[in-house]
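**Student:** Show me how the following folds:
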Amino acid sequence: MQRREFLRLLALAAAAGGGLRAADSAAQAADALYELKPFGNLSLLHITDTHAQLLPTYFREPNGADFLKKYSIKSGTRPAYAHSSLDFEKLAKRYGKLSGFAHLATLIKRLRATRPGALLLDGGDSWQGSASALWTRGADMIGAQRLLGVHFMTGHWEFTYGAARVQQAVERELLPMEFLAHNVRTADFEEPVFKPYALRTVNRVPVAVIGQAYPYTPIANPRHFVPDWTFGIQEKQLQGVVDEARGKGAKVVVLLSHNGREVDLKLAGRVRGIDAILGGHTHDAMPEAARVGRTLVTNAGCNGKFLGVLELRAGNQGVTESRYRLLPVFSNLLPPDAEMAAYVSRVREPFENKLSESLAVTEGTLYRRGRYNGSFDQLILDALLAQKDAQIAFSPGFRWGTTLLPGEAITLEHLIDQTAITYPQVTVNSLSGTQIKAVLEDVADNLFHADPYSRQGGDMVRVAGMTYAINPAAAMGARISDMRMQGRPVDAATAYKVAGWASVQEGVSGAPVWEVVGRHLRAMKTVPALPVDQPRLVSVKA
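**Tutor:** Sure, this is the predicted structure:
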């Protein structure tokens, strides 16, 4: 199926003759979205959190009517479909898939044609999230980034391939792309591991791009992958880098960040001299830039669904005007770039037969993104309970992973889209009721702590086999209550059999989660529309 899709893409690219305008009845819609008149003299193009998705995908966002109202987006439109979950199945059939590097390449080339010197920045989480990226250790994505023409990137999930692999890629494979991260240092002498920032002159304007890697990498992911490096937000150090860049003549300073939106908003109010923060990590597609003092804060979503376009008018006095647009990448409006389509087909070819295996058919929409659970997460939880004969199952609150519509086959590729990590082992442990509550409290504090600097992003750990209540506004240790199994209270001292995966501990053994869930799906053959287990919310307005 995937091979047929690529043959279709290549045929479309050839028919387009390398042109950049849609040649079908969707031309008007394409022009309305993508005919963007150049502004100013400095253009910054931004992608982030593509999670190794080279092909067009469905991705159901968690936003609802309040989001559309806030940004004056009319329901039922292409922007509403791109940004929200309202009428998702109906609009998905109407508007099709988004993203795909071949289509993204077309859009970027189109914009660059009228914006000489435009810089393309990648906010990280690019080398992880698919089977081909996992099995090539990010090499397929590095090739795609280079072909796309990325100038600078920073990182997060990239580090889960291990320090040696990241250094190998930075030193031997990325060029001319540069990996920037001022906040990654050696644990012994606090020496910079990567280049902190880069200076470029664009249209006679000196521009500094500073890299900010994910600050909590050794906490959210296995520490033993990067044992000799330290991370952190590093406010004071960042201020010094900004001042150094300004001292070397930079008239525009941009932070390429993988902090997450709320951390970026706080940081913007505490570090002087940053003109713009191009953010990532939390997958928040921001239709408008937020302004904190003199700093613009943006975020370009995930999965390659969006391209951020920040255009500045700048000179000796710095930035005087700005314009920001977040462009959704509709694969049926943008003809695929022939060169990128051919590259994607080539790097995927060794894995096509294995990945196209149909495991089961879904009767409901399977999605991940949601604060407390998603239907694909529920499927993983149900599989863990059944396959491991467990009483309770936990699954991480990851925000990456593609969406499937009712009636679609769940292929091995779709399953690995949800589980493609370097520490996928399924574990079974005996945990007391007290320990289970401690796990839930710890994750909840990472999400709901009053100080954004104490949040790690992501969503709540997914839970099956038990119910609980959560009060996000409560203090640490008091958010989780009313834990029950089959209606009976979970006993603090009783031990329960708990299945999970993605342990950050070293030396964990077990089958990869895609093998465990794959067995479950092959046995089911058909997956009904799944009721999604949700906690009971306390003191939260509807």
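**Student:** which SS class is the closest residue to Asp459 other than its chain neighbours?
**Tutor:** Once flanking residues are discounted, Asp459 sits nearest to Gly397: 3.5 Å by C-beta to C-beta, 6 or more residues apart in numbering. Using the backbone N, CA and C atoms, a C-beta is placed for each residue, glycine as well. Of the three states, Gly397 takes coil under DSSP: H, G, I helix; E, B strand; the rest coil.
**Student:** For stretch 142-150, the averaged confidence score.
**Tutor:** Here stretch 142-150 scores 98 as its mean pLDDT.
**Student:** Which positions within it qualify as buried?
**Tutor:** Ile142, Gly143, Ala144, Gln145, Leu147, Leu148, Gly149, Val150 (16 or more other C-beta atoms under 10 Å).
**Student:** Also stretch 84-100?
**Tutor:** Applying a neighbour-count criterion of 16+ other C-beta under 10 Å, the buried positions in stretch 84-100 are 84-86, 88-89, 91-92, 95-100.
**Student:** What are the contacting residues of it?
**Tutor:** Residues outside stretch 84-100 that contact it (C-beta atoms under 8 Å, 6 or more residues apart in numbering) are 9, 50, 53-65, 67-68, 73, 75-76, 78, 80-82, 303-305, 328-332, 336, 365, 367, 405-406.
**Student:** do the same with stretch 232-252
**Tutor:** 42, 182-183, 196-197, 199, 205-208, 210, 212, 215, 253, 255, 259, 263, 267, 270-276, 312, 314-319, 453.
**Student:** quick one: stretch 76-94 to chain centroid distance?
**Tutor:** Distance of stretch 76-94 from the chain centroid (C-alpha atoms, centre = their mean, to the nearest Å) equals 20 Å.
**Student:** got the CA coordinates for that stretch in PDB?
**Tutor:** Written as PDB, here are the backbone C-alpha positions of stretch 76-94 (Å, rounded to 0.1, in the frame of the first residue of the first chain):
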ATOM      1  CA  GLY A  76     -15.600  23.000   9.300                       C
ATOM      2  CA  THR A  77     -12.700  24.700   7.500                       C
ATOM      3  CA  ARG A  78      -9.300  23.400   6.600                       C
ATOM      4  CA  PRO A  79      -7.700  25.400   9.500                       C
ATOM      5  CA  ALA A  80     -10.300  24.000  11.900                       C
ATOM      6  CA  TYR A  81      -9.500  20.500  10.800                       C
ATOM      7  CA  ALA A  82      -5.800  21.000  11.100                       C
ATOM      8  CA  HIS A  83      -6.000  22.500  14.600                       C
ATOM      9  CA  SER A  84      -8.800  20.600  16.400                       C
ATOM     10  CA  SER A  85     -10.600  17.300  17.000                       C
ATOM     11  CA  LEU A  86     -14.100  18.700  16.100                       C
ATOM     12  CA  ASP A  87     -15.800  16.600  13.400                       C
ATOM     13  CA  PHE A  88     -12.400  15.000  12.800                       C
ATOM     14  CA  GLU A  89     -13.500  11.900  10.900                       C
ATOM     15  CA  LYS A  90     -15.800  13.800   8.600                       C
ATOM     16  CA  LEU A  91     -13.200  16.500   7.900                       C
ATOM     17  CA  ALA A  92     -10.400  14.000   7.500                       C
ATOM     18  CA  LYS A  93     -12.400  12.400   4.600                       C
ATOM     19  CA  ARG A  94     -13.000  15.800   3.100                       C
END
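**Student:** and that stretch, average pLDDT?
**Tutor:** 97.
**Student:** And the contacts of stretch 84-100, which of them are buried?
**Tutor:** Here, 16+ other C-beta under 10 Å leaves 9, 50, 53-63, 67-68, 73, 78, 80-82, 303-305, 328-332, 336, 365, 367, 405 buried among the contacts of stretch 84-100.
**Student:** can you give me the strands for the stretch 201-350 of the chain?
**Tutor:** Along the stretch 201-350 of the chain, counting by DSSP state E, counting those that start in this stretch, strands occupy 205-212, 229-230, 252-257, 276-279, 290-292, 295-299, 306-315, 318-328.
**Student:** Could you dump these into JSON lines with distance to Val498 added?
**Tutor:** Listed next are those as JSON lines, based on distance: least, C-beta to C-beta, whole Å:
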{"stretch": "strand 205-212", "distance to Val498": "36"}
{"stretch": "strand 229-230", "distance to Val498": "31"}
{"stretch": "strand 252-257", "distance to Val498": "35"}
{"stretch": "strand 276-279", "distance to Val498": "35"}
{"stretch": "strand 290-292", "distance to Val498": "40"}
{"stretch": "strand 295-299", "distance to Val498": "34"}
{"stretch": "strand 306-315", "distance to Val498": "37"}
{"stretch": "strand 318-328", "distance to Val498": "40"}
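**Student:** For these, give me TSV that also has distance to Arg484 and mean pLDDT.
**Tutor:** Formatted as TSV, the strands of the stretch 201-350 of the chain follow (distance: least, C-beta to C-beta, whole Å; pLDDT from 0 to 100):
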stretch	distance to Arg484	mean pLDDT
strand 205-212	42	98
strand 229-230	41	98
strand 252-257	41	98
strand 276-279	39	98
strand 290-292	40	98
strand 295-299	37	98
strand 306-315	41	98
strand 318-328	42	98
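**Student:** of the ones you listed, which approaches Ala105 most closely?
**Tutor:** Nearest to Ala105, of all the strands of the stretch 201-350 of the chain, is strand 306-315, at 10.6 Å by C-beta to C-beta.
**Student:** Now do the contacts for the closest residue to Ala390 other than its chain neighbours.
**Tutor:** Among residues not flanking Ala390 along the chain, Ala499 sits closest, at 3.8 Å (C-beta to C-beta, 6+ apart). Neighbouring residues of Ala499 by C-beta under 8 Å, 6+ apart: Leu384, Leu385, Gln387, Lys388, Ala390, Ile392, Ala393, Phe394, Val426, Thr427, Val428.
**Student:** How about the secondary structure of the last one?
**Tutor:** Pointing back at Val428 there. Once three-state DSSP is applied, Val428 turns out strand.
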